[in-house]
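J.: Here is a sequence together with a model predicted from it:
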Amino acid sequence: MRSQTRLPAAVAALLGLSALHPSPAGAQDVERGREVYEQWCSQCHGSEGDGQGPAAEYMIPRPRDFTTGLYQIRSTATGELPTDEDILRIINEGMPGTTMPGWEEELSGADREALVAYIKTFSQFFETLGAPEPLEFPGAPGASEERIAEGRLFYDSIQCFECHGAEGRGDGEASSTLQDDLGNPIRSADLWKAWTFNGGSTVEDIYQRLRTGLDGTPMPNFSDLIDAGFMTDDQLWNLAHYVRSLSPEETPTPEEVIVVGQVAPGELPGQLADERWGQAESFYVPLVGQIIENPRWFDPSVDGVWVQALHDGSEVAFRLTWHDRSRSPDPGWLEWQGWVLDAMAPREGENLEPAPRPDGITVQFPPTIPEGMDMPYFLMGDGSNPVYQWQWSSVPGTAVKAAARGLDIYEPLGAEGLTSEAAWEAGRWQLLLRRALVPADPASELQFEIGVPIPIAFFAWDGDNSEEGARGSVSSWYFIQLEEETPPSTYMAPLVAFLFTGGLGVLVVRRAQRRDREVQAAAAGIVLPPEPRPQMARNFGFAVGALWLLFALAAAGNSVGGWAAGQTDVGFWWAVITGFLTIAASVALIGTARHRYQGPRKS
């Protein structure tokens with residue numbers, strides 16, 4: 001039952017909360033909100049607010065149908081209307097994991113508040129039921145291993161795994177059967193990707209979703225379990241802490257260059273579970289739907305791949321990791337395929353019926369290392385500029401090499417020299433690919449070079465999501481760079497530079513001290529023996545300063561080269577040397593100029 005409680009505007013004003021609780025909208029606000037809505041919102045949500053805009057059929061999940069009065073993200077109980085602040089928050093921040101963007105930077109505050117007023121006119125419940133009363137949420141207790149462990153126990157006991165899977169990757173047994181209240185297909189959340197959570201990624205956000213549920217979806221609320229005494233509010237917080245612990249602390253940030261670390265000869269991992277992968281840095285590459293060439297695909301299931309890579313000077317090995325809710329082809333997902341194909345536009349291409357389809361991933365390179373930025377077309381090349389690929393499919397489960405000259409235009413190159421191993425478990429694929437740096441046929445295959453940026457791109461397909469051919473996920477071009485072995489001279493040079501410049505510094509200091517002694521002796525009437533070759537003495541400081549300045553420039557070049565090669569330790573320490581040398585050069589040049597042109601220091 002919906003709440004009949006309304007917070008009087010006068011009370012809000014007396015409390016000084018008018019900024020947080022906007023006053024009832026007037027006709028002028030609603031009209032302004034209509035104008036903003038028609039310009040920015042109607043293409044997805046429809047002019048009538050029913051979620052049937054012309055862009056809606058390109059989206060899963062579908063845009064919100066405002067006429068129902070059902071909202072996923074609220075601070076109110078299940079079945080209640082959202083507060084104005086709830087609606088405004090979603091307008092401001094958007095809904096990660098969906099196509100709903102945030103508008104805080106695009107629209108003025110007045111326009112966004114007017115938009116709230118207009119959106120409410122689509123449902124009569126806002127007028128007849130009045131303002132809802134938000135729930136009170138206590139502050140979050142601190143995280144601990146004990147809390148997270150207990151949260152895992154409740155994750156199992158209240159059967160979150162039925163939808164979200166045993167490890168939380170959205171691969172539960174019920175995940176292929178999920179629909180929203182309007183009959184549209186909807187995916188269970190992958191709890192390892194908190195940055196895609198609709199209502200926010202903090203532990204407080206997760207706790208609120210557990211308390212309120214996501215109305216209009218299969219996600220229930222768990223407040224009833226607290227009321228029934230099955231669990232306490234503190235234990236629900238523990239569940240929220242467990243869910244948050246599955247994701248990285250920070251949203252992964254793509255990097256343009258994937259560093260391929262170097263290991264000793266014979267130490268290159270040969271299996272997926274090899275412990276030596278622990279020393280390989282992991283790089284995240286986001287994937288998006290292929291929406292450029294027909295048939296386009298706006299509903300990709302695989303939205304990113306983690307890349308680890310190592311080489312030993314003669315071979316290179318990659319371990320790719322990506323999440324996939326099923327091990328395709330899985331007959332249990334055929335009904336889901338039908339839902340997706342019926343729901344998604346544009347309906348282009350052939351094979352638009354449910355069918356067993358394998359999962360797949362392709363790693364793409366240019367056939368030769370390009371000079372500059374002149375690279376083949378990232379969508380598998382073209383007739384004039386082909387690409388070199390490693391193609392893996394869950395059926396038959398092995399990887400092969402190919403030359404591609406466009407989407408679905410391949411020239412097989414066999415599997416000789418390319419080793420692969422794949423495994424799917426609990427909603428996650430892992431794939432090992434390994435090949436010699438120098439191929440058996442350099443005329444048709446890429447030859448990897450150490451220390452040189454090499455373009456790389458990725459494609460992925462989830463067969464049980466009806467993906468094949470051009471219907472799948474793609475990345476843009478990135479780069480890999482095989483680390484070079486750092487020669488001992490790189491680490492010895494800073495020490496030699498320190499010792500050499502230190503020696504020169506001692507000479508400069510001794511000459512300066514002699515000048516001071518001469519001044520003091522002259523003041524006392526004592527005549528010291530003249531310094532031999534005075535002209536040489538005067539110029540010595542300039543020579544030392546200029547030499548240090550040259551060393552500083554050379555050190556700066558070494559620092560830039562180290563950073564560019566991915567050798568952060570080398571780049572850092574040469575930067576430190578550059579700083580010291582620059583200071584030393586400045587002191588030597590300025591000090592010598594002072595003594596030469598201004599005379600010795602007065603006592």
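T.: Sure thing, it's come through.
J.: can you give me the strands in this structure?
T.: In the chain, the strands defined using DSSP state E lie at 257-262, 283-286, 288-289, 304-311, 315-323, 360-365, 387-393, 399-404, 410-414, 419-425, 428-436, 454-461, 473-474, 478-482.
J.: And the second one, how far out from the chain middle?
T.: Centroid separation between strand 283-286 and its chain, computed with C-alpha atoms, centre = their mean, to the nearest Å, is 6 Å.
J.: contacting residues around that strand?
T.: 252-255, 258-259, 303-308, 458, 475, 478 (C-beta atoms under 8 Å, 6 or more residues apart in numbering). Yep, even glycine has a C-beta here, placed from its N, CA and C like the rest.
J.: give me that answer again for 6 Å
T.: Pro252, Pro254, Glu255, Ile258, Gly304, Val305, Trp306, Val307, Phe458, Ser475 (C-beta atoms under 6 Å, 6 or more residues apart in numbering).
J.: and if you look at the last one?
T.: By C-beta under 6 Å, 6+ apart, the residues outside strand 478-482 that reach it are Val257, Ile258, Val259, Val260, His311, Ile450, Pro453, Ile454, Pro455, Ile456, Gly566.
J.: Let me have these in a markdown table, extended by distance to Leu135 and pLDDT.
T.: Below are those laid out as a markdown table (distance: C-beta to C-beta, whole Å; pLDDT from 0 to 100):
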| residue | distance to Leu135 | pLDDT |
| --- | --- | --- |
| Val257 | 47 | 97 |
| Ile258 | 45 | 98 |
| Val259 | 47 | 97 |
| Val260 | 51 | 97 |
| His311 | 55 | 98 |
| Ile450 | 59 | 96 |
| Pro453 | 53 | 95 |
| Ile454 | 54 | 97 |
| Pro455 | 52 | 97 |
| Ile456 | 48 | 98 |
| Gly566 | 50 | 59 |
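J.: Need the max-distance pair from these.
T.: His311 and Pro455 (16.8 Å; C-beta to C-beta).
J.: how about stretch 300-319: buried residues?
T.: Across stretch 300-319, burial judged by 16 or more other C-beta atoms under 10 Å covers 300-312, 315-319.
J.: Touching, Arg467 and Phe459? I think so.
T.: Just so we're on the same page, residue 467 is Glu rather than Arg. No: using C-beta atoms under 6 Å, Glu467 is not in contact with Phe459; the gap is 10.2 Å.
J.: Walk me through the domains of the protein.
T.: As assigned by automatic domain parsing, the chain contains the domains 9-129, 145-245, 257-323+336-482, 488-597.
J.: Can you tell me which of those is nearest to Gly139?
T.: Of those, nearest to Gly139 by C-beta to C-beta is domain 145-245, at 8.2 Å.
J.: OK, contacts around Phe448?
T.: Contacts of Phe448 (C-beta under 6 Å, 6+ apart): Val316, Leu437.
J.: Name all residues that make contact with the residue nearest to Pro220 when sequence neighbours are not counted.
T.: Leaving aside its chain neighbours, Pro220 sits nearest to Gly213 (5.0 Å; criterion: C-beta to C-beta, 6 or more residues apart in numbering). Shown in contact with Gly213 (C-beta under 6 Å, 6+ apart): Thr78, Met219, Pro220, Asn221.
J.: Surely the last one and Thr78 touch.
T.: Right, the one you point to is Asn221. Yes: with contacts counted by C-beta under 6 Å, Asn221 reaches Thr78, the gap being 4.5 Å.
J.: looking only at pLDDT, what's the mean for stretch 148-155?
T.: For stretch 148-155, the mean pLDDT works out to 98.
J.: Name the residues of that stretch that come out as buried.
T.: Ile148, Glu150, Gly151, Arg152, Phe154, Tyr155.
J.: So which of those is the closest to Gly381?
T.: Tyr155 (45.6 Å).
J.: and the closest one, what does it touch?
T.: With C-beta under 6 Å, 6+ apart, Tyr155 has these contacts: Tyr242.
J.: distance of it from Trp573?
T.: As judged by C-beta to C-beta, to the nearest Å, Tyr155 and Trp573 stand 47 Å apart.
J.: How about Thr217?
T.: 54 Å.
J.: So what's the residue count around Thr128?
T.: Burial of Thr128 is recorded as 9 neighbouring residues (other C-beta atoms under 10 Å).
J.: scratch that, Pro442 is what I was asking about
T.: Neighbours of Pro442 (other C-beta under 10 Å): 11.
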